[in-house]
Structure formats: C-alpha cells, structure tokens
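# Below: sequence and its predicted model.
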Protein chains: 2
Amino acid sequence: MSELTILERRFPGRKAGLKREILEQALACFNETGIESTTIDSIRVSCQASVGAIYHHFGNKEGILGALFFAVLDDQHEFFEQYLARANTLKDFVSAIVMSYVDWVVQNPEWAKFQFQARGFIAKGPLRQELSNRNTKQLKGLKAKLQTVDSCGIKISLPFELIPSLVIGATENYCRAWLSGRVPTCPSVYREQLSAAAWRSIQN
Amino acid sequence: MSELTILERRFPGRKAGLKREILEQALACFNETGIESTTIDSIRVSCQASVGAIYHHFGNKEGILGALFFAVLDDQHEFFEQYLARANTLKDFVSAIVMSYVDWVVQNPEWAKFQFQARGFIAKGPLRQELSNRNTKQLKGLKAKLQTVDSCGIKISLPFELIPSLVIGATENYCRAWLSGRVPTCPSVYREQLSAAAWRSIQN
DNA sequence: ATAATTACAGAATATTATTCTGTATATAGA
DNA sequence: TCTATATACAGAATAATATTCTGTAATTAT
C-alpha cells in the first residue's frame, strides 16, 4: 500500500494541486450535505478557488462527480487485483473478493460513502456508458480468472449470473449499514464470517 | 392483493386526484432522468398542473420525494408483514423475507428503482430521522417475531447485527442488478435459490 | 524570446427552485 | 340555505444556483 492518498495517486504532480484540492473539498461537501444539495459555491468557498477554476478543470458539477467516482473505482479495482492475484483456489477466490472489499471500505470510509451515493447519479447521467463498460470489463476479467483456479472439488450448480450477488451482496449490505451508522461494529471484525458465509451460500 | 395502485392505496379519495397525478408523473420523471436532474417544471408539464398546486401539496422538491418514498416504504412493509405472518419456523422466516422482497420488487419495478435512488437522498435530507425511526421500529418488530418462531433445532452462532445483511444482502444486490439491466433474468426465477442460499449463509 | 497553450479570476447570464399574492372551490357550523 | 373558514389551485415575482463568457496571468513548447 502506498502512503499517498487516492487523489495524489490518481492526479499526481504539483500542477494538479488545485485540482486535487477542489476534489478533496467536493468529496467532503458531498458526504456532509449530500450530492444534490451541495452547491458549486459551497465547494468554491471550501477550497478557496474561483468558479472559473472549477469549471475550467471539470466542466460542470457532473464532471466533478465523475472525476471523483472513477478515481475511486480505479483505486478500488487496483486494490482488489492485488488480493485476487494471490488466490489459487475457488475458496481463496471468494475470500479475496470479500476481504478486499471489506478492507478497502474500512481503509477509505469517506470514499466508500461517496461511492454509494454517487453510483446512482452516474448510472443516470452522461457517464453511465463509461460505468457500464467498466462493469462488463471487470466481470469478464473475473470470469477469466475463475477458469484458472482450483475448484476445490466443488461443482457450482447455481447459474453464473447469481454468483456475484451471492458472493458480495451480504458484505456490501453490511458495509453500507456500517458506513451509515446503522450498525456499530466495523466490518473488519467480521471479515472471516462474511467470507465463510459467502462460501456457504454458493454451494448446494 | 388489492387491485389499486400504491398511490390509490396511500392517497385515497377523489379530492386527492391531482396529488396522485403529480406523484405519478414525478415518479416517472425521477426514474427516467434521475432525481437531481428532474426539474419541478418538467413534473409540472407532465401532470399539467401549476407550480402553485405542486408547492401547495408538497412544499418543495424534497416533499415530493418524501411522499413517494414513504408511500413505497409503507406499501413494502405491509406486503412483507403478510408473508411474515405465515412463517412459523426459522427457515420459513428467512424464506418469507427473501420471497416477499423478490415478489414486491418484481410486482413494482418502477417503485423499487425509485426506492434505490431515493434512499440516499432521504438519508441525508431533513427526513432522515423519520427513515431512521422506521428502520429501528421494523428491526425491533423482526426481533420480537424471531423469538416466537420454531428455531428448527438450529443454534445461530453468528452475531445478530450480521444476520439482516446475510439474509437480504444477496437478494437485494441481485434485484438491483436486474432493475438496472445488468442481469437479464427476473429475480422471480431465482426465488428458491436465493432463499436457500440465505438460509445456508446464516448457519455455521 | 515569443508564440501558444493552459490555468485561473470574477462579472454576466441562464436555469431552476421557491415564495407570494390572488381567486376559486369545498367544507363546516349557524 | 347562508356564511365563515379552510383548503385547493393559478401564475407572476423573486431568490438561489449553475453555467458561460471575457479577460489576464502563468506555463510550456518552439
């Protein structure tokens, strides 16, 4: 794991300084007051920039949202790939998905909160195609990797389209509950249980 | 099941006619173009009302959102209670939760889509307390019912706070995927599998 | 060194949400 | 039935917000 923040990794260099600052404050605003009720002006005040600067870098509000959203997505994906690379059996495979998800959320709670909020917006707006492309691509990668893995003597009889939901659904649901304060206990505490439950759920 | 629509059940009577019409068109707009990018004026045009009428009934945009959101929540809850009433064993209990969720979503896909979109907004805005109250209340009801049920000789050793996520997480995830078009197969097809997987996931 | 591009500032404008004032319609009490 | 009171609606006026536009500084490339 690098010491840099997500923004420093995705928008590196000194000349991207203001860009990062705008994004950082925008993230804070979005998480505090919600995406819709965050105004460009509130972001502008937070980062002490001008509307001109903001619109120069991002075009419009959706542009800020998109820059943040795809930065998260990329970061999460890289993180996930690191876990996946070490998985040799099907059980490891399931475990890697669950664990990487939990660990990433716990390490980046503010980004995770934002991601949950923003997905809906992106799925509607002009960037929906981009999101859809990435989803298909990632799914294809997963399928390929899945072929190369030792299946532990288990024959999965459930239809493939159900598997992703079974593997990640409960974990995602719990992480969301934790981020919103509905449950107090950090998902890290339940890494093993969530992983084991996912594994049980796909067998029959 | 009543023949009436959700709106007719929640806002009955002739004098609530325009109110229902506004809500119906607002729902359509929200689902088509997203909540943020839906303007009051686009709703006004769709239902051929005046801004005055809209603001008279709902106060502001958030008010429309809230009326729709809690109407859905109430409807879903009643539907769910019908299933739950028939559950006598723990396994039935889990099954009732999964099945009622799937059936409701499949019967009311537009409302379900809206619910997923709107939850984030409500969780931020001024109605968040109301939402939180309902969640706690429902959870309390579930716990109470859980005590009265035959546990099938199973001793659940997982912490309680994990259970709701394990039971409904995968199903919710799949329904969401279906509503957004990411998977083609209707969740109804997988009712049994989802229910069985949830049941396996909570045992260890 | 200078031309060209990129980064920024802030006033001007456009879009959208909300309020306000007035009128009609319904409802309740006499 | 009459009238007072509240509720339902219409649409112009205003406020809040997003976006554009024009100009200037800084940076980069030639």
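Nice, I can see it.

# Which pLDDT does the model give the residue of chain A most remote from its centre?
Note on chain A: the largest C-alpha distance from the chain mean falls to A:G153, namely 31.8 Å (CA atoms, centre = their mean). A:G153 is assigned a predicted lDDT (pLDDT) of 84.

# ok, now A:A53?
97.

# Kindly report the same for A:M1.
52.

# what about the residue farthest from the centre of chain A, which SS state?
coil (DSSP: H, G, I helix; E, B strand; the rest coil).

# how far away is it from A:A198?
Using CB to CB, to the nearest Å, one obtains 18 Å as the distance from A:G153 to A:A198. All C-beta spots, glycine's among them, are computed from the backbone N, C-alpha and C.

# Tell me which residues touch A:N204, please.
A:S157, A:L158, B:Q193, B:A196, B:A197, B:R200 (CB atoms under 8 Å, 6 or more residues apart in numbering or on different chains).

# If we only consider those, which is nearest to DNA strand D?
B:A197 (42.4 Å; CB to the nearest atom of the strand).

# measure that closest one to B:I156 for me?
16 Å.

# Could you check which of those two has the larger neighbour count?
B:A197 (27 against 15; other CB atoms under 10 Å in any protein chain shown).

# wait, does the helix or strand the more buried one falls within contact chain A?
Secondary structure assignment for B:A197, by DSSP states H and E: helix B:191-201. Yes - counting by CB under 8 Å from any CB of the partner chain, contacts between helix B:191-201 and chain A involve B:Q193, B:L194, B:A196, B:A197, B:A198, B:R200, B:S201.

# List the buried residues for that helix?
B:R191, B:Q193, B:L194, B:S195, B:A196, B:A197, B:A198, B:W199, B:R200, B:S201 (16 or more other CB atoms under 10 Å in any protein chain shown).

# could you say what helices and strands it packs with?
Helix B:191-201 is packed against helix A:191-201, helix B:90-107, helix B:163-179, with contacts defined by 3 or more CB pairs under 8 Å, 6 or more residues apart in numbering or on different chains; DSSP states H and E.

# re the thing from before, closest to DNA strand C out of the residues of helix B:191-201 next to chain A?
For the residues of helix B:191-201 next to chain A, the nearest to DNA strand C is B:L194 (37.5 Å; CB to the nearest atom of the strand).

# Name the nearest residue to the closest one, ignoring sequence neighbours.
Nearest-residue entry for B:L194: B:T171, 4.8 Å, with adjacent residues in sequence omitted and distances by CB to CB, 6 or more residues apart in numbering or on different chains.

# so who does the one you found touch?
B:T171 neighbours (CB under 8 Å, 6+ apart): A:S165, A:G169, B:V98, B:Y101, B:V102, B:P187, B:L194, B:A198.

# so how many other residues sit close to A:K61?
So A:K61, with other CB under 10 Å, has 20 neighbours.

# Quick one: residues contacting it.
A:I40.

# Quick check: it vs DNA strand D, distance?
As judged by CB to the nearest atom of the strand, to the nearest Å, A:K61 and DNA strand D stand 4 Å apart.

# residue contacts, A:Y174?
Per CB under 8 Å, 6+ apart, neighbours of A:Y174: A:V183, A:P187, A:Y190, A:L194, B:L162, B:S165, B:G169.

# The fifth one touches A:Q193, doesn't it?
Yes - the pair B:L162 / A:Q193 is scored as a contact, 6.4 Å apart, by CB atoms under 8 Å.

# The closest residue to A:S180 other than its chain neighbours sits in which helix or strand?
The shortest distance from A:S180 to any non-neighbouring residue, by CB to CB, 6+ apart, is to B:A123 (6.4 Å). Per DSSP H and E, B:A123 falls inside helix B:109-124.
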